[in-house]
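Participant: structure for the following, please:
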Amino acid sequence: MNDNRTPVTVLGLGRIGAAIAEIFLRNGHPTTAWNRSADKGIGLEELGATRAASPAEAIAAGRLVVVALADTEAAAALLEPVPGGLDGRTVLNVATGRPDEARELVAAIEARDGHFLDGAILGVPQTLGTPDTLLMYSGSPTAQAEHAATIAELGNAKYLGVDAGLAGLHDMAVLAGMYGMFAGFFQAVAMVGSENFTAGEFTDGFLVPWFRSLLDMLPVLAAEIDSREFPVNFSDLAVNRAGLANILTASRKQGVATDLLDPLLRLLEAEVERGNGTASFTRAVAGLLDQAAVPAS
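Facilitator: A predicted model of the protein is given here:
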């Protein structure tokens with residue numbers, strides 16, 4: 001083992017945590033691992049890992065401490081009762097969490113003389129350590145400077161900035177896009193399912209080819225949004241409001257509920273009523289931001 005490699009600690013040996021520990025071990029890092037139950041991460045000792053008896057013992061062994069628990073709340077609960085200071089160590093949290101939770105955890109880590117980075121992994125254990133995994137992280141610039149190379153061993157690592165909440169924000173935003181896609185997918189297969197067409201047949205023959213072609217549109221739509229002027233490259237708000245209204249009417253006539261897409265129609269209708277019907281349908285993004293800025297009555 002190469003003693004010049006950064007000593008790392010992994011707290012939590014579920015599928016992601018165990019995969020992280022294995023990558024560090026194979027890359028020559030002295031690696032200490034801890035898990036609440038001993039049945040997780042079996043086989044890591046054979047690769048050279050040291051099993052710690054407690055989180056405190058594990059933290060003391062590493063310069064970079066990776067916390068891979070279910071969520072940020074669990075990470076904070078694990079770290080809070082651990083005695084002693086962190087003495088310049090960096091805590092990298094890769095548990096799923098909200099931006100506000102990461103920002104709260106910063107103060108607790110810094111109060112113990114540690115550095116904090118919050119991370120978000122877009123990938124699966126099988127793709128960790130390859131460019132197919134995107135690892136977004138943010139927080140202490142001191143920690144980033146010290147550990148960027150080590151963190152990059154886990155995948156395509158992108159440092160987003162000093163604000164520890166930025167990684168969680170980007171993670172939640174990507175997942176929001178994913179769930180929006182699922183909402184449309186569920187609506188679509190329910191509609192054809194009302195006439196006994198299978199979801200598989202419809203998805204393979206119609207949705208997947210269409211969705212793939214739409215991906216090429218996204219950078220153009222993003223440029224419309226960034227311009228704040230919302231020029232029409234594809235279609236305007238009024239046309240999309242009418243189109244979506246027809247889709248929802250067709251759904252109801254097929255006996256399919258429209259709860260998933262009703263909010264989007266309301267947003268488009270509100271923008272048309274504001275006089276924005278001739279703007280690109282991407283103007284809906286400004287509508288979302290405008291609504292969020294209005295104080296609750």
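
Participant: all strands for the stretch 1-150 of the chain, in order.
Facilitator: 8-11, 31-34, 50-51, 64-67, 90-93, 115-122, 134-139 (DSSP state E, counting those that start in this stretch).

Participant: in a markdown table: those strands, plus mean neighbour count and mean pLDDT.
Facilitator: C-beta: built from backbone N, CA, C; applies to glycine. Shown next, in a markdown table, are the strands of the stretch 1-150 of the chain (neighbours: other CB atoms under 10 Å; pLDDT from 0 to 100):
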| stretch | mean neighbour count | mean pLDDT |
| --- | --- | --- |
| strand 8-11 | 29 | 98 |
| strand 31-34 | 26 | 97 |
| strand 50-51 | 16 | 96 |
| strand 64-67 | 26 | 98 |
| strand 90-93 | 28 | 98 |
| strand 115-122 | 25 | 97 |
| strand 134-139 | 24 | 98 |
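
Participant: in a markdown table: those, plus distance to L261.
Facilitator: Listed next are these as a markdown table, based on distance: least, CB to CB, whole Å:
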| stretch | distance to L261 |
| --- | --- |
| strand 8-11 | 42 |
| strand 31-34 | 46 |
| strand 50-51 | 51 |
| strand 64-67 | 38 |
| strand 90-93 | 35 |
| strand 115-122 | 26 |
| strand 134-139 | 29 |
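
Participant: G155: which of those is closest?
Facilitator: strand 134-139 (4.7 Å; CB to CB).

Participant: the closest residue to T203 other than its chain neighbours is in what secondary structure piece?
Facilitator: Counting by CB to CB, 6 or more residues apart in numbering, V189 is the residue found nearest to T203 once chain neighbours are left out, at 6.8 Å. Using DSSP states H and E, V189 falls within helix 165-193.

Participant: where's the nearest residue to G62 once chain neighbours are set aside relative to P30, distance?
Facilitator: Of all residues not flanking G62 in the chain, T9 sits nearest, at 3.1 Å (CB to CB, 6+ apart). Using CB to CB, to the nearest Å, one obtains 10 Å as the distance from T9 to P30.
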